[in-house]
Structures are given as structure tokens and as C-alpha cells.
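J.: predicted model follows, preceded by the sequence.
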Amino acid sequence: MTQDGKEVTYGYSSGTYARLNPMLSQVSLLPRQEEIDALGAGIGRRDWEKRFELAYQQGLNQNVTATMA
């Protein structure tokens, strides 16, 4: 996001949790938050569809016990 002419990095609380939790409690998350971030920060329907598709594809044939969005 641009604020006062400068590029400012930001995220959502779930993104912060998803980034820190694996480091703190040795939990494995798929996809990794960095992969989700790489899709962009958009908030439109297509942006969310891309994120959910990434999670779906990486979770196929895995023993998934929880999800985070």
C-alpha cells in the first residue's frame, strides 16, 4: 500500500499468525504464508479464489487437520 508517497508492507492478522506459528510451535502449514503473499495483496473475489485454489491444490492427498484463511 502507498502511504504519504511511500510503499508500506502490511498483512492480515491471520497472515501474521500463519507466518509466526510454524516457527514458534513446530506446526507445518500448507501453503506457507510466503507463498500466499506471493499471489498479491488484492482483496477481490479472484484474489481470494487464487489463494483458496493454492491451499486446495497443496492439501490434496494430505492429512489435513485444520485450515486457516
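T.: Structure's in. What do you need?
J.: residue ranges with poor pLDDT in this protein?
T.: 10-27, 66-69 (pLDDT under 70).
J.: could you pull out the helices for it?
T.: For the chain, the helices defined by DSSP state H occupy 13-25, 33-37, 45-59.
J.: give me the buried positions along the last one.
T.: For helix 45-59, burial by neighbour count (16 or more other CB atoms under 10 Å) applies to 51, 54-55. For every residue, glycine as well, the C-beta is placed using N, CA and C.
J.: export these to CSV and tack on distance to Gly42?
T.: Putting those into CSV (distance: CB to CB, whole Å) gives the following:
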residue, distance to Gly42
Arg51, 10
Leu54, 14
Ala55, 16
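J.: which one of those sits closest to Asn63?
T.: Ala55 (14.7 Å; CB to CB).
J.: gap between that closest one and Met1?
T.: 24 Å (CB to CB, to the nearest Å).
J.: try Leu54
T.: 22 Å.
J.: how long is stretch 30-46 end to end?
T.: From its first residue to its last, stretch 30-46 covers 20 Å (CA to CA, to the nearest Å).
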